[in-house]
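Novice: Output the structure for:
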Amino acid sequence: MSAVDIVELDLSDDAVARAVHRIGLRSYAVEAELIGSTAIPALRETVHGMRARPLRWLGAHVDGVLAGFVAWARVDGVLDIDRLCVDPDRFRRGVGRRLVAAVLALGGPAAVATGAANAPAIALYEGLGFRLARVFEPEPGLPVAEFTRPGTT
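Specialist: Numbers count the residues shown, from 1 in each chain. The predicted structure is shown next:
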């Protein structure tokens, strides 16, 4: 794999915001197929809506091109990973793992959620020390698995 550069993303830059939005839509379309539901809220999110979220964003660049991103916020001391998206052309190359590891390096407990039938994402999170906390349906027909990871000292 080529070198992966992890950098903070500035979504006030129109080109960056459009690239993040495009990757998110492509990635969530694959997840929708995996879980058998298009009820994923991010599939209906606009660039404006995405920018309005109170999140921090990191991007992974491969050969100078954005290959994926992670967005999170620290909520009550917990690193709440809101979304992790990798361009489908870059799946299974360690991009997602590198992005989540960069957030976890900030220290403290962490939480993340994914479609309950999204086996690749679940394997990634469990491989990084997350454990299943609960399964719930935020929208009818959309079972979501929430994972937590204790903080490291």
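Novice: switch to C-alpha atoms for all contacts and neighbour counts from now on
Specialist: Fine.
Novice: which SS class is residue 28?
Specialist: helix (DSSP: H, G, I helix; E, B strand; the rest coil).
Novice: Can you show me the helices along the protein?
Specialist: 14-35, 47-52, 95-104, 119-127 (DSSP state H).
Novice: and the gap between the closest residue to residue 135 other than its chain neighbours and residue 113?
Specialist: Excluding the flanking residues, the one nearest residue 135 by Cα to Cα, 6 or more residues apart in numbering is residue 145, at 4.4 Å. With distances taken as Cα to Cα, to the nearest Å, residue 145 is found 5 Å from residue 113.
Novice: out of these two, which sits in the more crowded spot?
Specialist: residue 113 (23 against 20; other Cα atoms under 10 Å).
Novice: what's the neighbour count on the residue nearest to that one when sequence neighbours are not counted?
Specialist: Leaving aside its chain neighbours, residue 113 sits nearest to residue 146 (4.2 Å; criterion: Cα to Cα, 6+ apart). For residue 146, the count of nearby residues is 19 (other Cα under 10 Å).
Novice: Offset the numbering so it begins at 54, please.
Specialist: All right, first residue 54 from here; so that's residue 199.
Novice: how close does residue 140 sit to residue 203?
Specialist: 28 Å.
Novice: More neighbours: the two, which one.
Specialist: Legend: neighbour count by other Cα under 10 Å for residue 140 and residue 203, higher for residue 140 (21 against 14).
Novice: In contact with the spatially most central residue of the chain, which residues are there?
Specialist: The residue lying closest to the centre of the chain (Cα atoms, centre = their mean) is residue 137, at 1.1 Å. Contact analysis of residue 137 by Cα atoms under 8 Å, 6 or more residues apart in numbering lists 121-124, 149, 152-153.
Novice: For it, give its distance to residue 192.
Specialist: From residue 137 to residue 192 the distance is 20 Å (Cα to Cα).
Novice: Ok, residue 203 next?
Specialist: On the measure of Cα to Cα, residue 203 and residue 192 end up 27 Å apart.
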